[in-house]
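>>> Sequence and predicted structure below; questions after.
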Amino acid sequence: MQTLSTEHPLPFSTHDPRLYYIQEGRGPDLVLIHGVGSQHADWDGVVRALDGRFSILRYDLRGHGASAAPVGPYEIEDFTADLIALMDELELPRPHVAGFSLGGLIAQSLALTHPDRVNALALLGTVAGRTAEERARVEGRLEFIAASHPADYFDQSVDRWFTPGFQTAHPDIVAARKAVVTAMDGAAYAAAYHALATTDFADRLPEISHRTLVATGEEDIGSNPRMAQLMADAIANSRLEILSGLRHSILLEAPDTVAGLLSEFFAEAH
């Protein structure tokens with residue numbers, strides 16, 4: 001199958017803040033939401049592996065990539081409102097939604113506050129039910145980010161995100177990821193990380209009735225398998241996948257695996 005890949009001639013939403021977006025492929029509608037300190041391009045390998053089987057919308061969150069960066073801090077409700085406005089503008093009534101990390105929290109928020117706007121759901125490398133110790137760690141990271149440069153945070157976090165073998169085999173991908181983080185406005189990074197650090201929908205997860213895929217890396221410390229199991233247990237119509245040997249950056253380290261899971265899961269939702 002030939003993949004249709006078209007970038008909108010004016011690829012910014014009319015919504016304020018203006019959001020950069022790309023639509024590509026054909027088939028069932030699928031929205032892909034990236035994580036904090038990232039941008040839409042983190043999904044490149046996954047989109048290639050999906051090979052045009054879905055009509056995909058991906059975009060840069062407020063404060064990220066080419067999108068506008070209003071003054072923060074940002075709340076999860078801000079990111080959710082941005083996504084709804086973009087879906088309305090692009091006439092996507094009820095797409096599948098896959099969110100990674102912060103994107104997974106946005107996906108949870110969307111499913112809880114606008115359940116009629118979501119078909120099936122994928123929560124990848126995301127969080128719920130942090131323990132007191134885990135809350136303290138993420139709050140400490142937020143303080144570090146607010147007081148430092150994004151590149152410093154990358155250096156502190158690279159071993160949590162990538163396995164040692166991947167860092168050795170693919171230094172170019174790791175360096176490119178660092179370049180994205182380094183180029184990001186520090187205030188916008190902290191504003192977005194605030195939403196990641198302060199949001200937890202554990203108590204509301206049983207309200208989600210959508211068919212849901214929950215997946216995370218076996219060695220992911222921040223979005224760990226315990227949290228993934230908690231999400232899968234709380235959401236009645238769910239499926240759990242723990243990805244062997246992987247840490248947090250599953251989109252970059254294992255795009256074919258992620259694409260295979262999404263393709264199979266969303267195909268079964270129709």
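Yep, that arrived.

>>> what about the helices in the stretch 151-270 of the chain?
Under the criterion DSSP state H, counting those that start in this stretch, the stretch 151-270 of the chain contains helices at 164-169, 171-183, 186-198, 225-234, 250-253, 255-268.

>>> Enumerate the positions of the longest one that are buried.
Going by neighbour count (16 or more other CB atoms under 10 Å), the buried part of helix 255-268 is 255, 257-259, 261-263, 265-266. Every C-beta, even on glycine, is put in place using the N, C-alpha and C of the backbone.

>>> a markdown table please, covering the residues you listed and showing distance to residue 61 and pLDDT.
Compiled in a markdown table, these are given as follows (distance: CB to CB, whole Å; pLDDT from 0 to 100):
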| residue | distance to residue 61 | pLDDT |
| --- | --- | --- |
| 255 | 20 | 98 |
| 257 | 24 | 98 |
| 258 | 19 | 98 |
| 259 | 21 | 98 |
| 261 | 23 | 98 |
| 262 | 19 | 98 |
| 263 | 24 | 97 |
| 265 | 23 | 97 |
| 266 | 22 | 96 |
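
>>> export those to JSON lines and tack on distance to residue 23?
Below are these laid out as JSON lines (distance: CB to CB, whole Å):
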{"residue": "255", "distance to residue 23": "19"}
{"residue": "257", "distance to residue 23": "24"}
{"residue": "258", "distance to residue 23": "20"}
{"residue": "259", "distance to residue 23": "18"}
{"residue": "261", "distance to residue 23": "22"}
{"residue": "262", "distance to residue 23": "17"}
{"residue": "263", "distance to residue 23": "18"}
{"residue": "265", "distance to residue 23": "21"}
{"residue": "266", "distance to residue 23": "17"}
